[in-house]
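> Curious how this folds, go ahead:
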Amino acid sequence: MTATCISVDHVARVEGHGDIRVVIENGEVTTCEMAVVEPARLFESMVVGRSFEEVPYIASRICGICSASHVVTDIRAIEAVFGVAVTDRTEALRELLVYGSYLQNHATHLFVFAAPDFLGHKSVFPLADTNPDLLERALGLKALGNELCTLVGGRSIHPITAVVGGFTHEIEAAEYRRLAEVMDASRAFALASVDLFRDFDTIALETAGDMLAMVAPGAYPVCTSDTARFVRAGYEFAAAAVEEEIEEYPQGSSAAFLARARRTGAPYMTAALARVNASWDALCKDARYAAAKASLRPPEYNPFANNIAQAVELVDVLDRCAALCRRLADDEFAGTSAPVPFAARAGVGTGFTEAPRGALFHRLELDGDGRVRRASILTPTAQNIANLEADMRQLAEKMVGEGYDGALIRLEIEKLVRAYDPCLSCSVH
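Reported below is the predicted structural model:
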């Protein structure tokens, strides 16, 4: 019997800690595991008994990149309980806040984590020597995301101005116009990024499972819809039904729960690629053109294409944020962003947003004083792990069948893991 064991302890260039284990015996893949080895962080228990006013800021500590998404998602869950309807202006500011984290995340993932794989480097540091302009401009995009979150949310991570019913502070019109100009100036680099990742060679692969994304008619929504769609299965469900539609289950090799669709039993991917598949027609014109030029059109189920999808979203985000900033400066949205009045009451509410890495659900049960009785958080990475494992197995089997050696199989599996852009720390919330 001949056996090859591919073991990667603490996969590099991902957020958090995880191990890969693949065993190939007599030409067959017998074991394929993506083990999350982070300890449980217990955020769902931590917020029990806390006032609704504290909960969004506690939940934001789940992630230093997606903290804005966790705040907005928690606030939407609380507002669902209290029956709060916010103004159009508040909705626009929330979009800006979430989009700031997209710029932060995608620029970091694409150029610090993913690009070295395709440029023959083991880390980003050689890239800083060989192409310092590329890295400097990429970090400039991340810095723009930081600035956007700071100006809208009060600081670059763990925002403090977004509250139930609105915002406690808003910048002046001139600042919005300046931001719009900076975003316009950044668009050329974002477009070039799509071309860069389009030209990287990847193995032909089709994900084993489904794809999940937020949808809305004629829109590319990130925090303004309560409807989710399983793209391949072709059905939609309301966010309030998430526990009836998505099943979480334990697996002995991982500290994180895995997820699958209850109706089909299928694992699924939720990410930029899922959003592009679900709402390609609603991308901004430049982003849609860039996607088409990169041959990224629905249906596209190669998980490696998530890198290109994130680059396309950089173009889309810059266009959308520039437009939002100009409309905010010109006072085109109805109402103010000041918090609307409301009263605490008991009930259950679900918040749903598209975090940079994919669909994010927060479900809260509050008592009559607005204190948490129960909390449930479903992060993108926790949803993705089962599908990632299935794709790892499929990739390994394909490469074994084509005669690749263990070293190349290991490299491509690591590239696949990074293409998913996992945050393994978030998966053990």
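> tell me how far the longest helix anywhere in the chain is from the chain's mean position?
Criterion DSSP state H: the longest helix present in the chain is helix 173-198. Helix 173-198 has its C-alpha centroid displaced from the chain centroid by 20 Å (C-alpha atoms, centre = their mean, to the nearest Å).
> What of stretch 224-243?
16 Å.
> Repeat that for stretch 215-223.
15 Å.
> And for the closest residue to Thr73 other than its chain neighbours, the neighbour number?
Spatial nearest neighbour of Thr73, chain neighbours left out: Gly351 (4.0 Å); criterion: C-beta to C-beta, 6 or more residues apart in numbering. Backbone N, C-alpha and C define where each C-beta goes, glycine included. Using other C-beta atoms under 10 Å, the number of residues around Gly351 comes to 28.
> Kindly report the same for Ala322.
Number of residues near Ala322 (other C-beta under 10 Å) recorded here: 22.
> confidence score at it?
Confidence at Ala322, expressed as pLDDT, is 98.
> Same check on Pro39?
84.
> any idea which helix or strand carries it?
Secondary structure from DSSP states H and E places Pro39 outside every helix and strand.
> Use 28 as the first number from now on
Sounds good: first residue 28 from here, last item Pro66.
> Now do the same contact list for it.
282, 455 (C-beta atoms under 8 Å, 6 or more residues apart in numbering).
> what about the helices in the stretch 328-456 of the chain?
With helices called from DSSP state H, counting those that start in this stretch, the stretch 328-456 of the chain shows them at 333-356, 407-428, 433-446.
> picking up where we left off before, so the residue nearest to Thr100 makes contact with Val108?
No. Counting by C-beta atoms under 8 Å, Gly378 does not reach Val108; the two are 10.0 Å apart.
> Find residues that contact each of these two.
Joint contacts of Gly378 and Val108 (C-beta under 8 Å, 6+ apart) are Leu391.
> what about the nearest residue to Leu123 once chain neighbours are set aside, how many neighbours?
Counting by C-beta to C-beta, 6+ apart, Val179 is the residue found nearest to Leu123 once chain neighbours are left out, at 5.0 Å. When neighbours are defined as other C-beta under 10 Å, Val179 has 30 of them.
> do Val242 as well
So Val242, with other C-beta under 10 Å, has 18 neighbours.
> Then Thr251?
Neighbour number of Thr251 under other C-beta under 10 Å is 17.
> just Ala170 next, same as before
Ala170: 14 neighbours (other C-beta under 10 Å).
> Could you confirm it falls within a helix?
Yes. Judged by DSSP: H, G, I helix; E, B strand; the rest coil, Ala170 forms part of a helix.
> Any chance of the helices of the stretch 328-456 of the chain in JSON lines with distance to Pro248 as columns?
Listed next are the helices of the stretch 328-456 of the chain as JSON lines, based on distance: least, C-beta to C-beta, whole Å:
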{"stretch": "helix 333-356", "distance to Pro248": "11"}
{"stretch": "helix 407-428", "distance to Pro248": "16"}
{"stretch": "helix 433-446", "distance to Pro248": "24"}
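> deepest of these, which one?
helix 333-356 (a mean of 25; mean count of other C-beta atoms under 10 Å).
> between it and helix 433-446, how many degrees?
If you take axes from the mean of the first three to the mean of the last three C-alpha atoms, to 10 degrees, helix 333-356 sits at 20 degrees to helix 433-446.
> what's helix 333-356 packed up against?
Using 3 or more C-beta pairs under 8 Å, 6 or more residues apart in numbering; DSSP states H and E, the elements in contact with helix 333-356 are helix 115-135, helix 200-225, helix 299-306, helix 312-320.
> returning to that earlier point: quick check: bridge partners of the residue nearest to Thr100?
Beta-bridge partners for Gly378, by DSSP bridges, are His389.
> Okay, now the unreliable bits of this structure?
Scanning the chain for pLDDT under 70 picks out 28.
> residue nearest the centroid of it?
Arg384 (1.4 Å; C-alpha atoms, centre = their mean).
> Apart from its chain neighbours, what residue comes closest to that residue?
Nearest to Arg384 is Pro407, by C-beta to C-beta, 6+ apart, at 4.0 Å.
> For stretch 370-378, what is the distance to the chain centroid?
On C-alpha atoms, centre = their mean, the centre of stretch 370-378 falls 25 Å from that of its chain.
> In that stretch, which residues are buried?
371, 376-378 (16 or more other C-beta atoms under 10 Å).
> Among those residues, which one sits closest to Ala293?
Using C-beta to C-beta, Thr377 comes nearest to Ala293 of the buried residues of stretch 370-378, at 21.9 Å.
> Would you mind measuring from that closest one to Glu71?
14 Å (C-beta to C-beta, to the nearest Å).
> now do Ser128
From Ser128 to Glu71 the distance is 21 Å (C-beta to C-beta).
> Quick check, Glu271 in contact with Ala288.
No. Under the criterion of C-beta under 8 Å, Glu271 makes no contact with Ala288, lying 10.9 Å away.
> Give the residue from these two that has the larger number of neighbours.
Ala288 (21 against 11).
> in the sheet, who's paired with the more buried one?
Under the criterion used (DSSP bridges), Ala288 bridges to Ile273.
> chain center to stretch 158-167: distance?
For stretch 158-167, the distance to the chain centre is 23 Å (C-alpha atoms, centre = their mean).
> Would you mind pulling the contact partners of it?
Under C-beta under 8 Å, 6+ apart, the answer for stretch 158-167 is 134, 137-139, 151, 154-155, 213, 216, 220.
> and the closest residue to Asp357 other than its chain neighbours, how many neighbours does it have?
In this structure, Asp357 finds its nearest non-sequential neighbour in Ala200, 7.6 Å apart by C-beta to C-beta, 6+ apart. Neighbour count for Ala200, taken as other C-beta under 10 Å: 14.
> Ala200 is in contact with Ala356, isn't it?
Yes. Applying C-beta under 8 Å, one finds Ala200 in contact with Ala356, separated by 4.1 Å.
> and Arg68, what is it in contact with?
Going by C-beta under 8 Å, 6+ apart, the list of residues near Arg68 reads 89, 452, 455-456.
> Of these, just say which sits nearest to Phe331.
So of the contacts of Arg68, ranked by how close each gets to Phe331 (C-beta to C-beta), first place is Ser452, at 23.5 Å.
> Return the distance of that closest one relative to Asp432.
32 Å.
> Which of the two has more residues huddled nearby?
Ser452 (22 against 10).
> what's near enough to touch the more buried one?
So Ser452 contacts 42-44, 65, 68, 89-90 (C-beta under 8 Å, 6+ apart).
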